[in-house]
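K.L.:
sequence? don't have it. structure:
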Ligand code: KG4
Ligand code: ZN
């Protein structure tokens with residue numbers, strides 16, 4: 001067994017300021033020594049979405065606090081850290097810059113190596129941190145900022161099979177919640193409503209199922225919900241609680257159906273590859289209906305299903321520290337010229353994605 005590596009990870013690409021310490025010795029299970037997340041939901045609540053300038057300022061203010069807290073919880077000081085890993089993109093540029101500048105300052109002051117990590121790689125490598133998964137595996141990333149299928153071959157090698165051409169599913173949940181007068185973040189609120197709703201009452205579209213491949217679209221579904229709400233209001237002068245619950249359940253089932261069918265296709269297209277698992281990550285993977293639908297697809301395909309615990313599915317810095325460990329082991333460190341990148345596709349060879357979501361440029 002080689003000497004353990006202890007890495008401090010920083011994350012600030014969207015609306016969570018996070019710092020974490022992860023330790024790993026080859027041949028042993030990694031340990032998350034601390035995982036501090038300072039969420040900004042309250043700061044953005046009044047605006048109905050993430051305001052990039054407010055996010056960037058909050059990251060700048062809170063990074064120091066999160067780092068101090070992460071080191072204290074790990075019972076370590078900066079001297080005990082072997083390297084500093086930081087999200088260098090993709091994301092809201094002000095936040096990414098705040099993290100990269102902070103990490104550069106720490107690296108310059110301590111002489112420790114600096115590692116720039118792709119945020120999506122952090123999510124995609126999480127099943128190796130939580131479950132010791134071997135390559136290659138299929139990953140579905142479903143969050144407020146991202147939606148894509150990736151084959152993960154190595155810490156620095158990914159193939160993108162498809163992704164959203166407009167909104168992410170998390171954005172769609174958030175917008176539907178807003179349309180129906182529910183609080184943000186919309187996903188959990190819609191899921192609670194859906195529990196008492198009839199998912200078969202409204203026939204909502206299943207976008208792009210008529211098209212081959214793994215690309216997805218959620219913007220038409222959102223418009224269909226808006227139209228259904230407006231029809232109900234003009235027919236009856238308003239919506240009952242039951243109408244709202246039924247609409248939430250119908251929408252949630254439509255999203256689950258689309259994600260399940262596209263996952264089926266992604267797995268079928270990889271049937272010749274020795275995949276070890278089908279893994280999911282991102283806040284939307286917290287949704288039970290969606291999680292169970294995806295697990296069923298994995299069962300049908302006779303492949304292991306992995307959904308990391310929620311706190312490691314959503315944005316966090318432990319995943320960045322872990323991706324940093326993986327890159328460090330491959331000799332992939334950076335110098336002080338490391339750039340913050342608002343767009344940074346994991347698979348540079350795949351076609352660029354369309355659109356900028358409220359959470360920044362889509363990768
Ligand atoms: O991964 P995440 O914390 O942040 C990024 O966007 O990167 O994901 C947040 C998104 C939000 O859009 C939120 O509404 C959605 O995940 N979400 C859910 C649920 N919990 C969170 N969507 C559906 N059902 C849920 N239970
Ligand atoms: Zn994320």
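P.N.:
Sure thing, it's come through. Nothing here was measured: the structure is a model prediction, and the numbers come from that model. Ligands and ions are numbered 1, 2, ... in the order given.

K.L.:
for the residue of the stretch 51-200 of the chain found nearest ligand 2, what are its contacts?
P.N.:
Minimum separation of the stretch 51-200 of the chain from ligand 2 (C-beta to the ion) falls at residue 143, amounting to 4.9 Å. (Glycine included, C-beta is placed from N, CA and C.) Neighbouring residues of residue 143 by C-beta atoms under 8 Å, 6 or more residues apart in numbering: 123, 168, 170, 281-284, 314-315.

K.L.:
Of these, keep whichever come out buried.
P.N.:
By neighbour count, with 16 or more other C-beta atoms under 10 Å, the contacts of residue 143 hold 123, 168, 170, 281-284, 314-315 as buried.

K.L.:
Quick check: bridge partners of the closest residue to residue 338 other than its chain neighbours?
P.N.:
Nearest non-adjacent residue to residue 338, counting by C-beta to C-beta, 6 or more residues apart in numbering: residue 116, 4.6 Å away. Listed by DSSP bridges, the beta-bridge partners for residue 116 are residue 86.

K.L.:
hang on, residue 116 packs against residue 83?
P.N.:
No: between residue 116 and residue 83 there is no contact under C-beta atoms under 8 Å: 11.3 Å.

K.L.:
If you count surrounding residues, which of those two has more?
P.N.:
Applying other C-beta atoms under 10 Å to residue 116 and residue 83 shows that residue 116 carries more neighbours, namely 27 against 22.

K.L.:
Mind checking the pLDDT average for the helix or strand where residue 226 lies?
P.N.:
Following DSSP states H and E, one finds residue 226 within helix 219-236. Averaging pLDDT along helix 219-236 yields 96.

K.L.:
List the buried residues for it?
P.N.:
For helix 219-236, by 16+ other C-beta under 10 Å, it's 219-222, 224-225, 228-229, 232.

K.L.:
Report pLDDT for the residue nearest to residue 338.
P.N.:
What the model reports as pLDDT for residue 116 is 98.

K.L.:
Tell me how far it lies from ligand 1.
P.N.:
Separation of residue 116 from ligand 1 (C-beta to the nearest ligand atom, to the nearest Å) stands at 18 Å.

K.L.:
And the closest residue to the residue of the stretch 51-200 of the chain closest to ligand 2 other than its chain neighbours, what's its pLDDT?
P.N.:
Leaving aside its sequence neighbours, residue 143 sits nearest to residue 282 (C-beta to C-beta, 6+ apart; 3.1 Å). pLDDT, residue 282: 88.

K.L.:
and residue 282, backbone torsions?
P.N.:
phi 110, psi 160 (degrees, to the nearest 10).

K.L.:
residue contacts, it?
P.N.:
123, 141-144, 146-147, 170, 313-314.

K.L.:
Go again with 6 Å.
P.N.:
141-143 (C-beta atoms under 6 Å, 6 or more residues apart in numbering).

K.L.:
Can I get those in TSV including secondary structure and pLDDT?
P.N.:
Formatted as TSV, the contacts of residue 282 follow (DSSP: H, G, I helix; E, B strand; the rest coil; pLDDT from 0 to 100):
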residue	secondary structure	pLDDT
141	strand	95
142	strand	94
143	coil	88
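
K.L.:
Ligand 1: which of the residues you listed is nearest?
P.N.:
Ligand 1 lies nearest to residue 143 out of the contacts of residue 282, by C-beta to the nearest ligand atom, at 3.3 Å.

K.L.:
What count of nearby residues applies to residue 155?
P.N.:
For residue 155, the neighbour count with other C-beta under 10 Å is 22.

K.L.:
That one contacts residue 326, doesn't it?
P.N.:
Yes: between residue 155 and residue 326 there is a contact under C-beta atoms under 6 Å: 3.7 Å.

K.L.:
what's the burial count for residue 141?
P.N.:
25.

K.L.:
So what sits opposite it in the bridge?
P.N.:
residue 148, residue 281.

K.L.:
which ones are touching it?
P.N.:
Contact partners of residue 141, counting by C-beta under 6 Å, 6+ apart, are 123, 148, 281-282.

K.L.:
farthest-separated two in those?
P.N.:
Farthest apart among the contacts of residue 141 by C-beta to C-beta are 148 and 281. That separation is 10.8 Å.

K.L.:
just to revisit the earlier point, closest to residue 340 among the buried ones among the contacts of residue 143?
P.N.:
Distance to residue 340, by C-beta to C-beta, is smallest for residue 315 among the buried ones among the contacts of residue 143, at 16.5 Å.

K.L.:
Return the backbone torsion pair for the closest residue to residue 153 other than its chain neighbours.
P.N.:
In this structure, residue 153 finds its nearest non-sequential neighbour in residue 136, 4.8 Å apart by C-beta to C-beta, 6+ apart. Note on residue 136: its backbone torsions stand at phi -90, psi 150 [degrees, to the nearest 10].

K.L.:
Noted, bye for now.
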